[in-house]
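Novice: curious how this folds, go ahead:
(one chain, ligands or ions: 1)
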Amino acid sequence: MTLEAPPIPARALPVSARSPGKCIVFGEHAVVHGAPELVFAIDLHTQVFARSSDTTRLNSDPNAVRRNPYLRTALERAWAGGPPLDLRAVSRIPRAAGLGSSAAFAAALAAAFGSARGGVDRAELAQRAFDIERDAQGVGSPGDTSTVVAGGYVAINGGAEVPLWTVRSADRVWEVRRVSDPGWVWVVAHSGIPRSTGDAVRAVGRRLEAADGAELLAEFAKVAREGIRAVAHGDRAGVAELLRRNQELLREVGVSHPRLEALLDAAAPAAEAAKLTGAGAGGSIVALPVPGQETELVRRLARAGGLPFVVRPSAGVELV
Ligand code: PMV
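Specialist: Residues are numbered from 1 along each chain as shown. Alright, predicted model coming up:
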C-alpha cells in the first residue's frame, strides 16, 4: 500500500511552503475534455515564504497583487479578510515552459495560506490550487495542480487505484489516482519559446470540434490509458511506443512547434522515445533516456539550444 502524503499542518505566520513542478507523460489537452492523463511531480521547486506586514507585496513589489493573476486570485480565494503579507517566492522551474511553474506557485500559496489558517487536507488543497489556477488562466484541467499537491505519479480520470480525491469545476468532475513509481529517471528540456496555456487549450478545443474530433479524442484517451498501465508495470518498451503515438496526436491537433521538433530529433539517438510535454506551441519536451545515456541526452539537447534538466519524481507540496 502506498503511504499517502499527510495534511498540511497548522502553523502561525511566518510560514514557508515548497511545491514541485510537474511533467505530463501522457494525455495533455485531451484531459481538459475528460480523457485520462498521466503526470508526475518533478524535483524542480517553487518556494513561497509568507510573513505579516503593513502592506501586501511579492518580492518587494506591492503592484504584484494587481499584476499577477495567480497571486490576486490566491489572496481572494484563500486569504480573504486576512492581514497584509510580505511574500517572497523563488523558483527553479522555468516559466511558461509547460513544467508547472504556475501550478507550483498556486499550490505553494494555497498551502502557506491554508497552514496559517488552521491547516488543510490534501483533497481540499488540490481543489483550492485548481480554483486559483483556473480563475487566473480561464481554462484547463486539475492535472497539474493535483499532481503537485499529491507528489509522485498521478493519473487523472484513469488508473486502477481507489481515488485519492476528486476535483470539480462548474461543468466537470475529475478523479485523481496514485500510479506506482517505476523508478525511472527522465530528461525534460525547455525550448525557450514561451507560450500561453490558455491560447493553446482554446485552439485545441476548436480543433476537436471538427468532424474527426471525437475520434481523435478517443485515440488520445486510448494512448493515455495504455500508458498509465505501462508505467505502472514498468514496461519501458510499451511506454516508448506510446510516447511516440501521443506525439503524433499532439502534432495532429497543431501544438507541436519547429523548435520542439528540433529537440525531439536531437534527443532521438540517446532516448527510447520523446514527446512534447504540457500545452506545447513552444514550452518543453520530455524524453525517456536510453539507460546509461542520460548525460549524452542532456548534452545533445543543450547543443540543440534547449535548457535540459534530469528529473525524478518528487514529494508533493509541503511546509519547509
Ligand atoms: O500549462 P502547461 O503547459 O503546464 O500544460 C497544461 C496541460 C494542458 O492539458 C494543456 C492544460 C490543462 O490544464 O490540463
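Novice: what number of residues lie near the residue of the stretch 201-320 of the chain found nearest the ligand?
Specialist: Going by CB to the nearest ligand atom, the ligand is nearest to G278 of the stretch 201-320 of the chain, at 2.7 Å. Yep, even glycine has a C-beta here, placed from its N, CA and C like the rest. Using other CB atoms under 10 Å, G278 has 28 other residues around it.
Novice: cool, and the one 10 residues further on?
Specialist: Residues lying near L288 (other CB under 10 Å) number 21.
Novice: next one: K222
Specialist: For K222, using other CB under 10 Å, the count is 15.
Novice: near the ligand, anything from the helix or strand harbouring it?
Specialist: If you go by DSSP states H and E, K222 is part of helix 213-232. No: counting by CB under 6 Å from any ligand atom, the ligand is not contacted by helix 213-232; separation bottoms out at 10.4 Å.
Novice: what pairs with V154 across the strands?
Specialist: Beta-bridge partners for V154, by DSSP bridges, are V39, R178.
Novice: hang on, it packs against R178?
Specialist: Yes: with contact defined as CB atoms under 8 Å, V154 reaches R178; the gap is 6.6 Å.
Novice: compare the two (neighbour count), which wins?
Specialist: The neighbour comparison of V154 against R178 (other CB under 10 Å) goes to V154, with 29 against 21.
Novice: look up how far V253 lies from the residue nearest to E296 when sequence neighbours are not counted.
Specialist: In space, and not counting its chain neighbours, E296 is closest to A270: 4.4 Å by CB to CB, 6 or more residues apart in numbering. Per CB to CB, to the nearest Å, A270 is found 27 Å from V253.
Novice: now the helices for the stretch 101-250 of the chain?
Specialist: Assigned helices in the stretch 101-250 of the chain, in chain order: 101-116, 122-137, 143-150, 197-207, 213-232, 236-252 (criterion: DSSP state H, counting those that start in this stretch).
Novice: in TSV: these, plus distance to V32 and mean pLDDT.
Specialist: Shown next, in TSV, are the helices of the stretch 101-250 of the chain (distance: least, CB to CB, whole Å; pLDDT from 0 to 100):
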stretch	distance to V32	mean pLDDT
helix 101-116	14	98
helix 122-137	11	96
helix 143-150	9	98
helix 197-207	6	95
helix 213-232	10	98
helix 236-252	13	98
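Novice: out of these, deepest packed?
Specialist: Mean neighbours per residue, mean count of other CB atoms under 10 Å, is largest over those for helix 143-150, with a mean of 32.
Novice: that one packs against which elements?
Specialist: When contacts are defined as 3 or more CB pairs under 8 Å, 6 or more residues apart in numbering; DSSP states H and E, helix 143-150 sits against strand 15-26, strand 37-52, helix 101-116, helix 122-137, strand 153-156, strand 165-168, strand 173-179.
Novice: flag every residue of the stretch 201-320 of the chain that's near the ligand.
Specialist: Residues of the stretch 201-320 of the chain lying near the ligand (CB under 6 Å from any ligand atom): 201, 278-279, 283.
Novice: re the thing from before, TSV for the helices and strands packed on helix 143-150, including distance to E241?
Specialist: TSV is the format used below for the helices and strands packed on helix 143-150 (distance: least, CB to CB, whole Å):
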stretch	distance to E241
strand 15-26	12
strand 37-52	15
helix 101-116	28
helix 122-137	31
strand 153-156	19
strand 165-168	30
strand 173-179	18
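Novice: related to what we said a few turns ago, between the helices of the stretch 101-250 of the chain, which one is nearest to A12?
Specialist: helix 101-116 (7.0 Å; CB to CB).
Novice: make a markdown table out of the residues of the stretch 201-320 of the chain next to the ligand and add secondary structure.
Specialist: A markdown table is the format used below for those (DSSP: H, G, I helix; E, B strand; the rest coil):
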| residue | secondary structure |
| --- | --- |
| V201 | helix |
| G278 | coil |
| A279 | coil |
| G283 | coil |
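Novice: shared neighbours, V154 and R178?
Specialist: Common contact partners of V154 and R178 (CB atoms under 8 Å, 6 or more residues apart in numbering): L164.
Novice: and the helix holding K222, how far from the chain's centre?
Specialist: 18 Å (CA atoms, centre = their mean, to the nearest Å).
Novice: what residues does that helix touch?
Specialist: Residues contacting helix 213-232 (CB under 8 Å, 6+ apart): 25-27, 29-31, 33, 35-38, 153, 155, 158-160, 179-180, 182, 207-208, 235, 238-239, 242-243, 245-246, 249, 252-253.
Novice: near the ligand, which residues of the stretch 51-200 of the chain show up?
Specialist: So far as CB under 6 Å from any ligand atom goes, the stretch 51-200 of the chain lies against the ligand at 98, 100, 140-141, 143-144, 197.
Novice: and the furthest pair within those?
Specialist: Within these, G98 and S141 form the most distant pair, 13.7 Å apart (CB to CB).
Novice: any low-confidence regions in the stretch 1-150 of the chain?
Specialist: Across the stretch 1-150 of the chain, the ranges flagged by pLDDT under 70 are 1-3.
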